[in-house]
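Peer 1: Next one to model:
(chains A and B)
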Number of protein chains: 2
Amino acid sequence: MSEAVRIYPEGRVTLREVGLRDGLQLVKCFPSTTAKQRWLREEHAAGVRCFEVGSFLPAKTFPQFADVGEMVASVAELPGAHGIALVLNERGANDALASRVPEIASVVSATEEHSQANARRSRASALDNIRRLCELRDASAHRPIVHAAISMALGCSITGAVDPAEVLRLVDQCFEAGADAVGIADTVGFAGPKQVGALTAAAVKLSGDRPICVHLHDTRGMGIANASAAIDAGARILDGSLGGLGGCPFAPGATGNVVFEDLVFLCESKGFATGVDIEQLIAVRAILREAMPDEPLYGGVARAGLPRPVGTRAA
Amino acid sequence: MSEAVRIYPEGRVTLREVGLRDGLQLVKCFPSTTAKQRWLREEHAAGVRCFEVGSFLPAKTFPQFADVGEMVASVAELPGAHGIALVLNERGANDALASRVPEIASVVSATEEHSQANARRSRASALDNIRRLCELRDASAHRPIVHAAISMALGCSITGAVDPAEVLRLVDQCFEAGADAVGIADTVGFAGPKQVGALTAAAVKLSGDRPICVHLHDTRGMGIANASAAIDAGARILDGSLGGLGGCPFAPGATGNVVFEDLVFLCESKGFATGVDIEQLIAVRAILREAMPDEPLYGGVARAGLPRPVGTRAA
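Peer 2: This next block holds a predicted model:
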């Protein structure tokens, strides 16, 4: 059994908290390392096990991730917790390997246009990056999971529509390059559930027992509907962020990732046990509110609470 | 062909704006008749055709619906528009018939406990009400559509869980009483998409070619996911309110109906033409903001706009 299949077993749904990375990509006020560690610890106490905790990128450009090494160490201290960090180049990959983070994610754009405009490199070069990362993994003693995330897979901020056949070819190429898991991201929240379901079903079929992760943004209010469609189509790994923290660089004023709390509610309502205590999870929002008072937090379950009969005469 | 089938043809999705009734049930500041008429007219201009415009209830208790007669007349003036009004007793039914509103809705609770606590009558008595309404319809010259809405059909504020078999029996009893259409309402937003899909599929199967309407609230962020599941299960009539206006008497701080704009986006993304211009629809929110400045408005599409490639270099 591969390490990726051990961490992401096929039979159950795994929800990954990406707020500590994707959620902090655009915030104006960066939480302290202490606040991030409290967020991490308290979410772990609520039952969450997978955390993307930062990027190995130049601290000058991304000061919010300067403490990624500390965050990786903090996850490692929590029983059963699984840490993930993002890298975009070989230097980052080496730093990530040295940190012994158990999962390293790298990105390839679904379209050549976005790859060139956003990363100033071709998709082929991004795939080479992933291939090199896999070589480094194979040469390492601890062999972290390599996760290849395909951004703009359900709509592109530059080209608009994205051909699903091209995305599926990329999924294949990522696995061929040696990736242990592949992610499909609706980075700009262009898609509806029909499109998400169709692409997910095709990717899951293609991947066999290799994990497919679905990363959704709630930009146009479709986040939970898209997550539901992805699960129906066979996805068993989904990303979200507490309070839907995070924005979208290509849609000013847009919300961020799918709201983690609502994602937990969705999964439980569909009969997938998440192991997460929703009310304990909701309480963690206080840390975000305190550390980032200007960031709007979203979510239905946090606002209304869990369904609970009043048992008394209604008004 | 029955009038109900003419208004709600099986092949296409019909979205009904219920903000002018359900959306105003709990607001603190009531919009003027003029504001409501502008809302109605501008939404009609954006392509919306079905409007629930008020309740025939004592104006002393529900002053926000004192102008229901005027609102019914206003819908009647708009080409192709279909007006709906709620009644809860025979006096209201007579007033509604006199107004010549083309559709009259009445309610029965899914549980005996809620029926007694909320309406101070049994479900049998509520069904008698619907039967009497159908007799009055049959004796009238213009024969309005009678719509029987089953509240708490997916979760009850008093009992919690609701047996779907009991709801289906009520669906049957409503049709037997003479209703032209039956509605299934997640009044308190307890349900997830799996439950909504299962009940909808069973109700649609039971009803044959008689219309089934699904009325959802976004209380726990599941509104659009539930709407998507309802459509997948065969529902072709869904309710929503502009900006998700409205609250829930049983969940303080909760949002209201499914956001109409997001519902339009969902349907279009699923390949169902709605005939609605989303951007023109979003512009109508300005009327609500002006008339009810203290009411929060929700919605993803309104916040982020329609998906639109930038076509230029991204940041």
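Peer 1: For A:G23, see how far away A:A291 is.
Peer 2: According to C-beta to C-beta, to the nearest Å, A:A291 and A:G23 sit 11 Å apart. Where you see a C-beta, it was placed from the backbone N, CA and C, and this is true even at glycine.
Peer 1: Mind telling me what element the residue most central in space within chain A is part of?
Peer 2: Centroid-nearest residue in chain A, with C-alpha atoms, centre = their mean: A:D239, separated by 3.8 Å. When secondary structure is defined by DSSP states H and E, A:D239 falls within strand A:237-240.
Peer 1: ok so, going back, so what pLDDT did the residue nearest to the centre of chain A get?
Peer 2: On the pLDDT scale, A:D239 is placed at 98.
Peer 1: Go ahead and confirm it touches A:D218.
Peer 2: No. The pair A:D239 / A:D218 is not scored as a contact, 11.5 Å apart, by C-beta atoms under 8 Å.
Peer 1: what do the two both touch?
Peer 2: A:N257, A:V258 (C-beta atoms under 8 Å, 6 or more residues apart in numbering or on different chains).
Peer 1: any low-confidence regions in the stretch 101-250 of chain A?
Peer 2: Within the stretch 101-250 of chain A, the segments meeting pLDDT under 70 span A:248-250.
Peer 1: which parts of it sit against chain B?
Peer 2: A:114, A:117-118, A:155-160, A:188-195, A:218-225, A:227-229, A:248-250 (C-beta under 8 Å from any C-beta of the partner chain).
Peer 1: out of those, which are buried?
Peer 2: Neighbour counting by 16 or more other C-beta atoms under 10 Å in any protein chain shown classes A:114, A:117-118, A:155-159, A:188-195, A:218-225, A:227-229, A:248, A:250 among these as buried.
Peer 1: What segments of chain A are strands?
Peer 2: Per DSSP state E, chain A carries strands over the ranges A:14-17, A:50-56, A:82-87, A:103-109, A:145-151, A:181-186, A:212-216, A:237-240.
Peer 1: just checking, what packs against the fifth one?
Peer 2: Strand A:145-151 sits against helix A:3-7, strand A:103-109, helix A:123-139, helix A:164-176, strand A:181-186, strand A:212-216, with contacts defined as 3 or more C-beta pairs under 8 Å, 6 or more residues apart in numbering or on different chains; DSSP states H and E.
Peer 1: which other helices and strands contact the third one?
Peer 2: So that's helix A:123-139. By 3+ C-beta pairs under 8 Å, 6+ apart, helix A:123-139 packs against helix A:90-99, strand A:103-109, strand A:145-151, helix A:164-176.
Peer 1: please redo it, this time with the cut-off set to 6 Å
Peer 2: If you count contacts as 3 or more C-beta pairs under 6 Å, 6 or more residues apart in numbering or on different chains; DSSP states H and E, helix A:123-139 packs onto helix A:90-99, strand A:103-109, strand A:145-151.
Peer 1: could I get the ones you listed as CSV with distance to A:V182 and mean neighbour count?
Peer 2: Listed next are these as CSV, based on distance: least, C-beta to C-beta, whole Å; neighbours: other C-beta atoms under 10 Å in any protein chain shown:
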stretch, distance to A:V182, mean neighbour count
helix A:90-99, 17, 19
strand A:103-109, 10, 26
strand A:145-151, 5, 26
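Peer 1: For chain B, give me its nearest residue in the stretch 51-200 of chain A.
Peer 2: The minimum distance from the stretch 51-200 of chain A to chain B, using C-beta to the nearest C-beta, falls at A:G192 (2.6 Å).
Peer 1: Distance-wise, check that residue relative to A:M222.
Peer 2: The gap separating A:G192 from A:M222 is 5 Å, by C-beta to C-beta.
Peer 1: nearest residue to A:V53 other than its sequence neighbours?
Peer 2: Nearest non-adjacent residue to A:V53, counting by C-beta to C-beta, 6 or more residues apart in numbering or on different chains: A:M71, 3.9 Å away.
Peer 1: didn't that neighbour look like it was pressed against A:G54?
Peer 2: Yes. Using C-beta atoms under 6 Å, A:M71 is in contact with A:G54, at 5.2 Å.
Peer 1: Between the two, which has more neighbouring residues?
Peer 2: Counted by other C-beta atoms under 10 Å in any protein chain shown, A:M71 and A:G54 do not tie: A:G54 has more neighbours, with 27 against 24.
Peer 1: Tell me, how many residues neighbour A:R16?
Peer 2: 26.
Peer 1: ok, now how distant is the nearest residue to it once chain neighbours are set aside from chain B?
Peer 2: Of all residues not flanking A:R16 in the chain, A:C50 sits nearest, at 4.0 Å (C-beta to C-beta, 6+ apart). With distances taken as C-beta to the nearest C-beta, to the nearest Å, A:C50 is found 21 Å from chain B.
Peer 1: Hmm, A:H82 and A:C50 touching each other?
Peer 2: Yes. Taking C-beta under 6 Å as the definition, A:C50 is a contact partner of A:H82 at 4.7 Å.
Peer 1: List the beta-bridge partners for A:L216.
Peer 2: Assessed by DSSP bridges, A:L216 has beta-bridge partners A:D186.
Peer 1: Please, where are all the helices along the stretch 201-315 of chain A?
Peer 2: Per DSSP state H, counting those that start in this stretch, the stretch 201-315 of chain A carries helices over the ranges A:223-232, A:260-269, A:278-283, A:285-291, A:300-304.
Peer 1: what's A:A46 sitting at in phi/psi?
Peer 2: Torsion angles at A:A46 (phi, psi; degrees, to the nearest 10) stand at phi -80, psi -10.
Peer 1: measure it to A:G275 for me?
Peer 2: For A:A46, the distance to A:G275 - C-beta to C-beta - is 9 Å.
Peer 1: next one: A:E90
Peer 2: In terms of C-beta to C-beta, A:E90 sits 36 Å off from A:G275.
Peer 1: A:A124 - how many residues pack around it?
Peer 2: By other C-beta under 10 Å, neighbour count at A:A124 equals 12.
Peer 1: For it, which residues are in contact?
Peer 2: A:A124 makes no contacts at all, as judged by C-beta atoms under 6 Å, 6 or more residues apart in numbering or on different chains.
Peer 1: Might one say that A:I212 is in contact with A:A201?
Peer 2: No. Between A:I212 and A:A201 there is no contact under C-beta under 6 Å: 10.1 Å.
Peer 1: between those two, who's got more neighbours?
Peer 2: A:I212 (25 against 16).
Peer 1: Spatially, which residue comes closest to A:N129, not counting chain neighbours?
Peer 2: A:S106 is the one closest to A:N129 (C-beta to C-beta, 6+ apart), at 5.9 Å.
Peer 1: Bridging across strands, which residues link to that neighbour?
Peer 2: Beta-bridge partners, per DSSP bridges, of A:S106: A:A148.
Peer 1: Could I get the contacting residues of it?
Peer 2: A:S106 touches A:V87, A:N129, A:I130, A:L133, A:A148, counting by C-beta under 6 Å, 6+ apart.
Peer 1: and with 10 Å instead?
Peer 2: Contact partners of A:S106, counting by C-beta atoms under 10 Å, 6 or more residues apart in numbering or on different chains, are A:86-89, A:92-93, A:96, A:126-127, A:129-130, A:132-134, A:146-149, A:174, A:177, A:179.
Peer 1: From B:L57, how far out is it?
Peer 2: Using C-beta to C-beta, we find A:S106 at a distance of 61 Å from B:L57.
Peer 1: returning to that earlier point: specify which residue of A:A46 and A:G275 has the higher count of neighbours.
Peer 2: Looking at A:A46 and A:G275 with other C-beta under 10 Å, you find the greater number of neighbours at A:A46, namely 20 against 14.
Peer 1: Pretty sure that one sits against A:R285.
Peer 2: No. Counting by C-beta atoms under 10 Å, A:A46 does not reach A:R285; the two are 11.0 Å apart.
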